[in-house]
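Engineer: output the structure for:
(chains A and B)
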Amino acid sequence: MRQALLADRAGWAGGRSGVLPALLGQAPMIATKPMPNRRGMPSLSRALVAISSLLLAGLFFFPLWQVRLKAPQYPEGLGMNIRINTIEGATENDLKNINGLNHYIGMKPIDPETIPELRFMPWIVGALIVSGLAVAAVGRRTILYSWLAGFFALGVAGLIDFWRWEYDYGHNLDPTAIIKIPGMSYQPPLIGTKQLLNFEAVSLPGIGGILAGVAFALGLFAVIHSLRQGRASQDSHAVSAAGETFRSA
Amino acid sequence: MRRFPFLPKPALLFAAGAAAIAVFYACSRTATNTSDVLAGNAASKVYVAPGTYDEYYAFLSGGYNGQVMAYGLPSGRLLKLIGVFSQNPETGWGYSEETRPMLQTTYGLVPWDDTHHTELSQTAGVPDGRWLFVNGNNTPRVARIDLKTFETTEILQIPNAGGGHASPFTTPDTKYIISATRFSVPVPNADVPIPSYKQNFKGTLSFITADQPGRMDIAFQVMMPGFNYDLGHAGKDVSDGWFFFTMYNTEQAYEKLELNASQKDKDFIAAVNYRQAEQCVAQGKAKATSSDYFHNVLDEKTRMARSERRTSVKMLDPRDCPGLVYFLPTPKSPHGVDIDPSGEYIVAGGKLATVIPVHSFSRMQKAIADKQFESDVDGIPVLKYASTIGGEVQKPGLGPLHTEFDGKGNAYTSMFISSEVVKWKLGTWEVLDRMPVYYSVGHIMIPGGDSKKPWGKYLLAMNKITKDRYLPTGPELAQSAQLIDISGDKMKMLLDFPTLGEPHYAQAIPADLVTRTSMKFHKLSENRNPDITASEAAGGIRREGKKVHVNMVAIRSHFAPDNLEGVQLGDTVLFHVTNIEQDWDIVHGFGVMGATNSGIVIPPGETRTIKWIPSMVGVFPFYCTDFCSALHQEMQGYIRVSPAGSNVALSANVSAKAATQVERMKQVPRASSAPR
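Structural biologist: Numbering: from 1, shown residues only, chains lettered A, B, ... in the order given. Below is the predicted model:
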């Protein structure tokens, strides 16, 4: 019994005949489909990139990031939803009220119209979606790798930009601020929870952010799958031996 | 005699009834005493833990303070005092320029009244939590309170009436509320000898359209004999389409009423077929009668009251409309008239009667069909007592006044003289239980207890006298409200709490029927007040002859502008203050030194105007009166008053802090369109 369990676990974790490879469609593909050439993407990868691109379209509908603020006087909380093209209150007047409260600590008012990123972010996301679909259509491995690299770079750049933005709002305070606490800055957390005076600030990805994460993960799977297929195609004569090697390793 | 406007001298009755009371006490007062209350764990039943809500809103009329009190039940916590007919300095109600027209009458601004009865609007005979109506007894008026905002939004004056006591009881669909005159007066009022009472004095019953906000009006009045009309209630279900009114002084005495209006063995309940009245009005049988009265409405968009004078009502004479009114003889000086949830029983509080008479609607209908009349008064048929009476509750106690129902076939009647609430059974008329109350109970209230579907868990008794119940406060003591648990077979006293003024009646409703529509703030973007200052940058000062208008915003924690100059002695200054907050419960106040009227309190999103006439030269501070933030004390400004003819330029300074904020606000985005 214990052995059976271990064997199954091995199948999940790394065995070539396990569930994960099956999900990735490796075994059946090797058996039933003609091998793609070295420059072409396996059809599963193409499908994954297409799905990934479509998931990214969710960014046009759902907030990328959410910041929630809670204080004794605000038991119902205040919130901001950061979308790719705007920042809006979680309820109608939250942004106005957050700005009203922020004036006590000298923080600049948050005004989506003054944030240039919000103007070009929809174009970047749009380009990512279109290029992703193009990658799926063309099916070349190299452009897949550069697409994912671009996706990664944009994601990291976005997070850094968000962090810088938070840093600026939290540190670059009006010198005539009403409330000044030595050593205190008001930078909200990039992700997670932080106490800012009487406010507990919680920053988490929104549905859009989660979709983007899932999209990236799918892209990664597409690349991994493509890499494996590439190796399988290159060493097709040695599949069995490599399998044995892997298993014994 | 203020406390006993509707009773002969109670002391006499106490003497007269002493023996009877002794008998009642001996046989009845065994159920409850203080130790039972303690043993019954009453405290836990009224305990509402911190951070949790009460189960019911209770709206108690404020009696001679002219206001309405909103309490939470079962805790008895006072939640709000709502200005209605009286100026309320706490909020500036009736002092601010926006609200002063609400108190306009043909007598000028009447800043006080005697509120008697609260009445919740109903849908299909069940309270719906939209509006609360309340009457002014002194200068007959009825008001609508909007339960979205707990604010009075409409007041209608009642012409051809003197004392609007039987008011503002509603029909099951809130199509009409009524107002019947307590004091008969000459109609139209005229300089006539008072001893000509029988010839010249008339009573009127007013049917007021009430189902549309801002549209209250007198649909028609019914001209009645010169009696005193006391209370009323609409029929429901089987008796739908009828309205019942009690009356006293059918003797038509005009002096020493205490004695002279208590001579007849039976007075009347008037049964009025208002559907018949509608038909007669439609047939043109009502006479347009010149009548002078005011209709005041707080406009929903501008949030400003406006007054309209009206000059005519349709008056129906029962002689011109057969089948409109019947009299049901009822012993003796009936006070309350209450209809049970089925609509079949019409219970009278015969305040000097030794029984509680209950008429049967179906018997009444049969008696009308069979023409069981014993006489008529001014063309109104008087039905035979025996032909309409459905039963009598024997030995109920002394001084039955008001009856409410629990929806389980039981009725509860307040006993003024024997200071108790008596529970009895509809149909069998047997007394089931008694509960002493402290002391001299008037109205009682069960949530929904006058509707088709009572929430029969609690009963609230409103008592006139509280000597020895609370810490003394000099010669005048608080009136009490006592909460009684009626969920079991036996009544249990749970709580008493003091009230303001003298609450006459109350209504209560499950809290969620009100909270679901409760408003958190007014949308600034929907504020159509012409004097609105929508942003700090828009603030300013301008002269219009001898009037100086100041447009100002209030926001945490400053006014903008906050320094004003160029006002001269002889000017009248109008401070138009807009609270531009868009957040729940962030209210600002405004007070200026030497103001001879009041301050104002401005809810978020609203504009309020207070008039200030400087009486001397100098610099005068103004400040926020409603603690709003950590920097509330800094929320202030100055107005400089120069001599008449001075050359100080009119200016509205904006402080450095406010100026920074102006820049900030320019950058603040437009209101987002995110769904709530």
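
Engineer: for the stretch 501-650 of chain B, which residues are neighbours of chain A?
Structural biologist: Counting by Cβ under 8 Å from any Cβ of the partner chain, the stretch 501-650 of chain B comes close to chain A at B:Ile555, B:Arg556, B:Glu581, B:Gln582, B:Asp583, B:Trp584, B:Ala630, B:Leu631. All C-beta atoms are positioned from the backbone trio N, CA, C, and that covers glycine.

Engineer: and B:Lys546, how many neighbours?
Structural biologist: Look at B:Lys546: counted by other Cβ atoms under 10 Å in any protein chain shown, it has 10 neighbours.

Engineer: so what pLDDT did it get?
Structural biologist: B:Lys546 carries a pLDDT value of 97.

Engineer: which one is it nearest to, not counting chain neighbours?
Structural biologist: B:Asp571 (5.6 Å; Cβ to Cβ, 6 or more residues apart in numbering or on different chains).

Engineer: how close does that neighbour get to chain A?
Structural biologist: 33 Å (Cβ to the nearest Cβ, to the nearest Å).

Engineer: same deal with B:Thr115?
Structural biologist: B:Thr115 is 34 Å from chain A, by Cβ to the nearest Cβ.

Engineer: same question, B:Val441
Structural biologist: From B:Val441 across to chain A, the span is 40 Å (Cβ to the nearest Cβ).

Engineer: can you name every helix or strand that the helix or strand B:Thr403 falls within contacts?
Structural biologist: For B:Thr403, the element it lies in under DSSP states H and E is strand B:400-405. Under the contact definition 3 or more Cβ pairs under 8 Å, 6 or more residues apart in numbering or on different chains; DSSP states H and E, strand B:400-405 sits against strand B:334-339, strand B:345-350, strand B:410-415, strand B:441-445.

Engineer: and the helix or strand that the second one is followed by, average pLDDT?
Structural biologist: Pointing back at strand B:345-350 there. With elements assigned by DSSP H and E, the helix or strand that comes after strand B:345-350 is strand B:355-360. Here strand B:355-360 scores 96 as its mean pLDDT.

Engineer: from the chain's centre, how far out does whatever helix or strand comes next after strand B:355-360 sit?
Structural biologist: Moving toward the C-terminus from strand B:355-360, the first helix or strand encountered (DSSP H and E) is helix B:361-369. From the chain centre to the centre of helix B:361-369 is a distance of 34 Å (Cα atoms, centre = their mean, to the nearest Å).

Engineer: contacts for helix B:361-369 next, please.
Structural biologist: Residues from elsewhere that reach helix B:361-369, judged by Cβ atoms under 8 Å, 6 or more residues apart in numbering or on different chains: B:235, B:238-239, B:242, B:271, B:323, B:326, B:328, B:343-346, B:381, B:383-384, B:387-390.

Engineer: what does chain A put close to chain B?
Structural biologist: So chain A meets chain B at A:76, A:81, A:86, A:88-93, A:95-97, A:99-100, A:103-104, A:108-109, A:111-114, A:174, A:176, A:178 (Cβ under 8 Å from any Cβ).

Engineer: what are the ranges of the helices in chain B?
Structural biologist: B:10-28, B:34-39, B:42-46, B:197-200, B:257-260, B:274-282, B:361-369, B:385-388, B:512-515, B:656-667 (DSSP state H).

Engineer: chain A: strands as residue ranges?
Structural biologist: For chain A, the strands defined by DSSP state E occupy A:65-71, A:74-82, A:87-89, A:192-196, A:199-205.

Engineer: tell me the residue of the stretch 351-500 of chain B that sits nearest chain A?
Structural biologist: Of all residues in the stretch 351-500 of chain B, B:Phe497 sits closest to chain A, at 27.0 Å by Cβ to the nearest Cβ.

Engineer: quick check: A:Ile160 vs A:Lys108, distance?
Structural biologist: Distance of A:Ile160 to A:Lys108, computed by Cβ to Cβ, to the nearest Å: 20 Å.

Engineer: again, but for B:Val110
Structural biologist: B:Val110 is 53 Å from A:Lys108, by Cβ to Cβ.

Engineer: who has more neighbours out of these two?
Structural biologist: Counted by other Cβ under 10 Å, B:Val110 and A:Lys108 do not tie: B:Val110 has more neighbours, with 20 against 16.

Engineer: contacts only, for the more buried one.
Structural biologist: By Cβ under 8 Å, 6+ apart, B:Val110 lies in contact with B:Phe85, B:Leu103, B:Thr139.
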